[in-house]
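> Sequence and computational prediction follow.
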Protein chains: 2
Amino acid sequence: MNYCPDCGRAVSIRVPDGDNLPRHVCDHCSAIHYQNPKIVAGCIPEWQDKILICKRAIDPQYGKWTLPAGFMENGETVQEAAARETMEEAMASVHDLELFGVFNIKRVNQVYIMFRGQLPEPRFGPGAESLECELLTEDEIPWLELAFTVVSKTLELYFQDRRDGLYRTHMGDITPRRLPKP
Amino acid sequence: MNYCPDCGRAVSIRVPDGDNLPRHVCDHCSAIHYQNPKIVAGCIPEWQDKILICKRAIDPQYGKWTLPAGFMENGETVQEAAARETMEEAMASVHDLELFGVFNIKRVNQVYIMFRGQLPEPRFGPGAESLECELLTEDEIPWLELAFTVVSKTLELYFQDRRDGLYRTHMGDITPRRLPKP
């Protein structure tokens, strides 16, 4: 941020009175512009013993597999955001969303909020951001071709819970994937 | 938002190509400025059969009682935000934070993420935003003097869970309190 969104003058970065962190402050109109983490809402769409995943048609991670997920918008609940992303990316309706996990990705100032959701029928297709979508059993998950650590982590916990016969609500931190040394 | 935070020129509100919602768009530098919901992280600090609540020294709801909670900042996890707010508002350390609930407040584009947290000792005091802080039993909670519906709802669910001997993770929507007609 270089300019004040309110009045258009240049902003400076300093600690406002009564605060303890540097903020973007407008010395002209005195507005303080806070920057806060964003919520990514996502879904594990379930149909019998299968789940629906999408192959990404956009960067980052073009061609890798992911769960439907994206930035929550103003004017919606987290569940509505997760259902909207499932419609946009996999052209599928989900209902009965149950909270599955909250995952911090501190490095990029994101909090993922993931749900399990029921597909009323096995009806889906690739939305604009997907190359293809597939209903897959646990054995068919392309574990080495998943787009993001938070997706791998969510699916590992999901299948573990399913084997245990009990879906928990998870709270975790996602740290960068450790790549093997060359 | 009137001006582009990147280049300082006036922004217009329109639906960008490939999008389906109106956004603040800069016609000069082409930046799209999204606005997203904010996370409020909060805590139910527990000591034996009591919990710690704070009397607000700021508006809105000056003089009413609340749980420690506030906007999550960049560069922290949700748990770290909840612990930081507990320190700022009640000068108390909490540890072993457990996810208690996620609550949508769609009307104001906020998502509350609440935790239970353990006080290692009954040591606390009013921070800058509190008039006083108190460790209270369920019977002592000033139900009619609570600051926000999300606080009443969190405490109702908390004491219900405690009576049931099982803390669940809750997901709910907070709608405006219905005031009695005059």
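Looks like it arrived, so ask away. The structure presented is a predicted model; accordingly, all values stated were derived computationally and were not measured. Numbers count the residues shown, from 1 in each chain, chains lettered A, B, ... in the order given.
> Check what pLDDT residue A:37 gets.
Listed pLDDT for residue A:37 reads 98.
> Skipping adjacent residues, who's closest to it in space?
Nearest non-adjacent residue to residue A:37, counting by CB to CB, 6 or more residues apart in numbering or on different chains: residue A:109, 4.4 Å away. (Each C-beta comes from the backbone N, C-alpha and C, glycine too.)
> same question, residue A:123
Spatial nearest neighbour of residue A:123, excluding adjacent residues (CB to CB, 6+ apart): residue A:92 at 6.6 Å.
> ok now do the one you found, which residues does it touch?
Listed by CB atoms under 8 Å, 6 or more residues apart in numbering or on different chains, the contact set of residue A:92 reads A:45, A:52, A:68, A:86, A:119, A:123, A:124, A:125, A:133.
> picking up where we left off before, separation between the residue nearest to residue A:37 and residue A:12?
Distance, residue A:109 to residue A:12, by CB to CB, to the nearest Å: 22 Å.
> Look at those two and report which has more neighbours.
Neighbours were counted for residue A:109 and for residue A:12 using other CB atoms under 10 Å in any protein chain shown; residue A:109 has more, 16 against 11.
> Would you check that the more buried one makes contact with residue A:71?
No: the pair residue A:109 / residue A:71 is not scored as a contact, 11.8 Å apart, by CB atoms under 8 Å.
> what is in contact with these two at once?
Common contact partners of residue A:109 and residue A:71 (CB under 8 Å, 6+ apart): residue A:38.
> can you pull the contacts of residue A:119?
Taking CB under 8 Å, 6+ apart as the test, what residue A:119 contacts is A:45, A:46, A:47, A:52, A:92, A:93, A:94.
> Between which two of those residues is the distance greatest?
Farthest-apart pair in the contacts of residue A:119 is A:46 and A:93; separation 12.6 Å (CB to CB).
> Show me which of these two is the more surrounded one.
Comparing residue A:46 with residue A:93 by other CB under 10 Å, the one with more neighbours is residue A:46, at 19 against 16.
> what sits opposite that one in the beta ladder?
On the basis of DSSP bridges, residue A:46 is bridged to residue A:51, residue A:118.
> hmm, back to that, list only buried entries from the contacts of residue A:92.
Among these, the ones that count as buried by 16 or more other CB atoms under 10 Å in any protein chain shown are A:45, A:52, A:68, A:86, A:119, A:124, A:133.
> So for the nearest residue to the fifth one once chain neighbours are set aside, what's the pLDDT?
Distances taken as CB to CB, 6+ apart put residue A:47 closest to residue A:119, at 4.3 Å, once the chain neighbours are dropped. The predicted local distance difference test score for residue A:47 is 98.
> measure residue A:47 to chain B for me?
22 Å (CB to the nearest CB, to the nearest Å).
> Just give the number of residues close to that residue.
17.
> doesn't residue A:135 make contact with it?
Yes: between residue A:47 and residue A:135 there is a contact at 5.6 Å, judged by CB under 8 Å.
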